[in-house]
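Trainee: please find the sequence and the predicted model below.
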Amino acid sequence: MTRALPDIALSPCPDSYARFLVQGYDTVQEAFLLKPSDGFVELLERTKAAAVELGDNLEATVDVELSGHRFKAHATGAKGGFRWRLSDDDLILFVGSPKRDWTISCRYLSAGLWEHGLGALRERAFEALRPYTTQPEQDCVRVSRADWCFDFHSPAFTEEFKPGIAANVVCHSSAKAMERGSYDIWSRGGQGETLTIGSKAGLQNQLYNKTLEIDEASGKTWLYALWLDALHGEWVFGDSVKPCDVWRLECRMSSDFLKERNVRRPHELEQNLAELVAEALYTRRLSIDNGDTNRSRWPMHPLFSEATRQFSCEAMLPIGRKVTGRRTALIDRALSSLGGTLISYGVLERGQFKEANVISLASRAVRRAMDDPKRAEKELRAQSRYSDVEEAR
């Protein structure tokens, strides 16, 4: 069953306050069920060693070609047990021990996602890897992370964003487990630049000045063309020689968040994107103080409201991971667990385990299950939980 969205009013967002520009994936990461060949491992080791030889700071790279696609082999791997790392301008391939099943991961970068799209980048990754790996199953892609973003031009929000805006943050209780609290603000000279709500380990929204970030960090000036195209060539940036006052609202969905909602495969992400983004916007949001003593009832901030309007969504996905794995293995595990429970019961009731006493217990347990007033509801939940038992995820 789906979950109802919070009953929160949306605020108007007129063009005089903010102009919506573009939306799309900023980053996506997937795991591949591919087995690296011995020759591929040797190639990775050889190119990594060559990169290490080029410099003392371990930031050097050497070129390597896979199936006609050029990558840079890095001198270092990455967190998560990845020994090797290959990259180009659009994606990064991470490779771990060939003894692991899901040992290859691919991170699709924003430039490639905006220019080519997620499907085309995935096809490129598989094309590059195909001669160097074996694919034991057809169902071989799992989503590890997905970040969706919205860009707005809003000089008004630039003026509005001061550190005190934190008083208008409303978030779900699950976000309060962050080490530094449920939100974080970065400001400079009293001017806010970045508002972060939630934890990147679960679900996180970040609202930040994208034009400043381009100037000072990423250098992604190719976004200028996307924004101007969305504005149909209209120059809304005043006397500035380049775009300014563009704010990005980014919804970052981790593997755990997606798994909790049974979103694992690429098609599941695409089919449920609206519900996932809606949950992010509603449960980790900036609000407008309307005088109500209960902040959870405050209307949603105009930028969050306008982002919400970009999707037609009326509910959130249900929470509860489906149990996966082979049916025979799960049955054997359940029998072992049941056997252990019977032993514990026998000792608890009679001080020792005796078969006759436990048989009586089993009969009573069956009768209690049959008489359970919520038996039908529990049966439906179990059927949903075990619906994918023949699938490996």
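Mentor: Received it, and whenever you're ready, just let me know what you need.
Trainee: which strand or helix spans residue 358?
Mentor: Assigned by DSSP states H and E, residue 358 belongs to helix 355-371.
Trainee: quick one: that helix to chain centroid distance?
Mentor: 44 Å (C-alpha atoms, centre = their mean, to the nearest Å).
Trainee: beta-bridge partners for the closest residue to residue 126 other than its chain neighbours, please?
Mentor: Leaving aside its sequence neighbours, residue 126 sits nearest to residue 32 (C-beta to C-beta, 6 or more residues apart in numbering; 7.8 Å). Every C-beta, even on glycine, is put in place using the N, C-alpha and C of the backbone. Per DSSP bridges, the residues bridged to residue 32 are residue 104, residue 141.
Trainee: longest single helix anywhere in the protein?
Mentor: Longest helix of the chain, by residue count under DSSP state H: helix 327-350.
Trainee: tell me the buried residues in it?
Mentor: Within helix 327-350, the residues that count as buried by 16 or more other C-beta atoms under 10 Å are 342, 345, 346.
Trainee: specify the angle between it and helix 355-371 in degrees.
Mentor: 110 degrees (axes from the mean of the first three to the mean of the last three C-alpha atoms, to 10 degrees).
Trainee: let me see the mean pLDDT of helix 327-350.
Mentor: In this model, helix 327-350 has a mean pLDDT of 73.
Trainee: can you pull the contacts of residue 238?
Mentor: Going by C-beta atoms under 8 Å, 6 or more residues apart in numbering, residue 238 touches 155, 244.
Trainee: tell me the SS of it?
Mentor: State at residue 238, reduced to three classes by DSSP: H, G, I helix; E, B strand; the rest coil: coil.
Trainee: can you pull the pLDDT of it?
Mentor: 95.
Trainee: could you check how far it is from residue 158?
Mentor: Going from residue 238 to residue 158 by C-beta to C-beta, to the nearest Å gives 12 Å.
Trainee: swap in residue 336?
Mentor: Distance, residue 336 to residue 158, using C-beta to C-beta: 61 Å.
Trainee: also residue 338?
Mentor: For residue 338, the distance to residue 158 (C-beta to C-beta) stands at 62 Å.
Trainee: can you give me the pLDDT of residue 373?
Mentor: On the pLDDT scale, residue 373 gets 83.
Trainee: that one: how many residues sit nearby?
Mentor: Residue 373 has 6 neighbouring residues, counting by other C-beta atoms under 10 Å.
Trainee: cool, residue 227 as well?
Mentor: Using other C-beta under 10 Å, residue 227 has 20 neighbouring residues.
Trainee: was I right to think it contacts residue 245?
Mentor: No - counting by C-beta atoms under 8 Å, residue 245 is not a contact partner of residue 227; they are 11.1 Å apart.
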